[in-house]
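Q: Sequence and computational prediction follow.
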Amino acid sequence: THHFIVIGNPIAHSKSPEIHQVFAAQTGCDIRYERQYCPNNAESFTAVVEAFFHGGGMGANVTVPFKQVAYAACLARGGISEHASVAGAVNTLLLNKEKLQQGASLTDALYGDNTDGQGLVNHITSLGWQLEGARVAIIGAGGAARGAILPLIEAGIGQLTLANRTMSKATDLVSELSAASATIHQHDIKSCATTELTGQFDVIINATSIGLSGETLPLADDLNCHFAYDMMYGRELPFLQHFAARGAQTSDGYGMLIGQAALSFERWTGHVIDVAQATTILKKQSG
Ligand code: ATR
């Protein structure tokens, strides 16, 4: 039995155990996947991670509020992937087997990856929305936006605009990421205030934390898109309702959740997940 956990605070609501059990059934793997509560400080996080891997754990997911803490832990001790490095956040922990074979300690072999942005790209692609050459706007300049930018550019998008309520945060994020990644540096990225985002886009992505709070984004009247994507999921997302009323196709971020989980499972076990089949089963299970 392979043992996995998802570490967060709060953690009771996490859907990861159910999602990974569906992957296990699909691939014939025998797994145990549990929710792991952790007090909200870096020392506790490191202690939880060390105890888990010392106990024979195979892989861990990291969720709010520990993704940046996990990034720092991996950077200091083991290693991180380019996606985790650019995102400044880790959602997937594993042990580097080569390092272990060379005699490294468990903590020094800790490796952090980030599958969130690629999960987003894979979900968007599976919807049949074309990213190649697409004019894309992302609204938001926090962790969710940061993690999406490199995977979207790697997927071949055209012009990218980053809009945020606080415009300086969008501008700063673009400069920071351009310095961190040559791929991002070479790309044409504009930044603006959310209210100044106007015109026609192929894809607009809501990467703000506004989601189900009931608040709405101050969107310009002449802002339009073919496809609107909200990284949040749940019923009645105002962002999606706004663009659906203007004739756009829409999607919430539930498929991104499954997509990032599938990539974590693949990193850990080497098994490739049929995400469409898993999604059908999970939707049936949740009624
Ligand atoms: P996350 O990790 O989910 O991205 P975050 O780092 O706290 O969370 O970032 C939240 C993002 O949502 C920011 O872009 C924030 O805009 P500001 O930078 O101007 O704060 C955006 N956001 C949150 N509440 C918002 C609101 N009511 N209206 C517009 N933008 C909002």
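A: Arrived safely.

Q: For the stretch 51-200 of the chain, what lies in contact range of the ligand?
A: Applying Cβ under 6 Å from any ligand atom, we find that the stretch 51-200 of the chain lies next to the ligand at 140, 141, 142, 143, 144, 145, 164, 165, 166, 169. The way it works is simple: take the backbone N, C-alpha and C, and place the C-beta from them, glycine included.

Q: cutoff 8 Å now
A: For the stretch 51-200 of the chain, the residues in contact with the ligand (Cβ under 8 Å from any ligand atom) are 64, 139-146, 164-166, 169-170, 194.

Q: can you give me the strands for this protein?
A: Here the chain has its strands, by DSSP state E, at 2-8, 31-37, 59-62, 79-80, 92-95, 110-113, 136-139, 160-164, 189-193, 199-206, 223-230, 249-251.

Q: helices or strands up against the fifth one?
A: Using 3 or more Cβ pairs under 8 Å, 6 or more residues apart in numbering; DSSP states H and E as the contact criterion, the elements in contact with strand 92-95 are strand 59-62, strand 110-113, helix 254-269.

Q: Identify, out of those, the most deeply packed stretch.
A: Of all the helices and strands packed on strand 92-95, strand 59-62 carries the top mean neighbour count, a mean of 28, counting by mean count of other Cβ atoms under 10 Å.

Q: Select, out of the helices and strands packed on strand 92-95, the one closest to residue 236.
A: helix 254-269 (13.7 Å; Cβ to Cβ).

Q: Contacts only, for residue 230.
A: Contact partners of residue 230, counting by Cβ atoms under 8 Å, 6 or more residues apart in numbering, are 205, 206, 211, 237, 239, 240, 250, 251, 252, 253.

Q: Help me confirm that the third one comes into contact with residue 235.
A: No: the pair formed by residue 211 and residue 235 falls short of the contact definition of Cβ atoms under 8 Å, at 11.1 Å.

Q: In terms of neighbours, single out the busier of those two.
A: Taking neighbours as other Cβ atoms under 10 Å, residue 211 and residue 235 compare with residue 211 leading, 18 against 6.

Q: Excluding chain neighbours, what is closest to the more buried one?
A: residue 232 (3.4 Å; Cβ to Cβ, 6 or more residues apart in numbering).

Q: related to what we said a few turns ago, so which of the strands of the chain is the most surrounded?
A: Ranked by mean neighbour count, those are led by strand 59-62 with a mean of 28 (mean count of other Cβ under 10 Å).

Q: Show me the contact partners of that one.
A: For strand 59-62, contacts defined as Cβ under 8 Å, 6+ apart pick out 2, 4-8, 16, 36, 49, 52, 70, 90-94, 261, 264, 267-268.

Q: which one of the helices and strands packed on strand 92-95 lies closest to residue 216?
A: Of the helices and strands packed on strand 92-95, nearest to residue 216 by Cβ to Cβ is helix 254-269, at 20.8 Å.

Q: Pull the number of nearby residues for the single nearest residue of the stretch 51-200 of the chain relative to the ligand.
A: Nearest to the ligand, among the residues of the stretch 51-200 of the chain, is residue 142, at 2.0 Å (Cβ to the nearest ligand atom). Residues near residue 142, counting by other Cβ under 10 Å, number 13.

Q: So it sits against residue 231, correct?
A: No: counting by Cβ under 8 Å, residue 142 does not reach residue 231; the two are 10.6 Å apart.

Q: what is in contact with the two at once?
A: Listed contacts common to residue 142 and residue 231 are residue 207; contacts here mean Cβ under 8 Å, 6+ apart.

Q: which residues does residue 157 contact?
A: Residue 157 touches 131, 132, 133, 134, 135, 136, 203, counting by Cβ under 8 Å, 6+ apart.

Q: Now it: phi and psi?
A: Main-chain dihedrals, residue 157, degrees, to the nearest 10: phi -60, psi 160.

Q: Off-centre distance for the helix or strand bottoming out on mean pLDDT in the chain?
A: Using mean pLDDT, DSSP states H and E, helix 97-101 stands out as the lowest-scoring helix or strand of the chain, at a mean of 93. The chain centre lies 27 Å from the centre of helix 97-101; the measure is Cα atoms, centre = their mean, to the nearest Å.
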